[in-house]
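Enquirer: For reference, the sequence and a predicted model appear below.
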Amino acid sequence: MTNEEMQRNMEFIVSQQAQFAADIQKLGEVQLEVDARMTRIEGAVVTVVDLVGQLARSTATQIAEIVEAQKRTNEALARTN
């Protein structure tokens with residue numbers, strides 16, 4: 001291998017290394033953005049889960065109230081017959 005070929009190879013390697021370093025930095029920046037988005041998504045999921053839980057409890061309470069009202073109606077109807 002001539003000096004010129006060796007010099008070209010070294011320049012290529014240095015260029016590739018610089019490109020790899022730049023790519024890794026970009027990946028790091030993208031990862032920070034992804035982390036921020038993931039944090040927002042986690043917060044949204046927690047909010048949705050809380051809302052679904054509240055809705056389920058509210059619905060269960062309303063169903064229980066309807067069941068009790070139906071029992072009272074049935075008892076009232078039974079007394080009139």
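Expert: Yep, that arrived. Numbering: from 1, shown residues only.
Enquirer: Any idea which residue is closest to the centre of the chain?
Expert: Centroid check for the chain by C-alpha atoms, centre = their mean gives Ile41 as the closest residue, at 3.7 Å.
Enquirer: Could you pull out the helices in the protein for me?
Expert: Assigned by DSSP state H, the helices in the chain fall at 3-80.
Enquirer: Relative to Asp23, how far out is Ile63?
Expert: Using C-beta to C-beta, to the nearest Å, we find Ile63 at a distance of 58 Å from Asp23. (Glycine included, C-beta is placed from N, CA and C.)
Enquirer: And for Thr47?
Expert: Applying C-beta to C-beta, the value for Thr47 to Asp23 is 36 Å.
Enquirer: what's the answer for Gly53, then?
Expert: In terms of C-beta to C-beta, Gly53 sits 44 Å off from Asp23.
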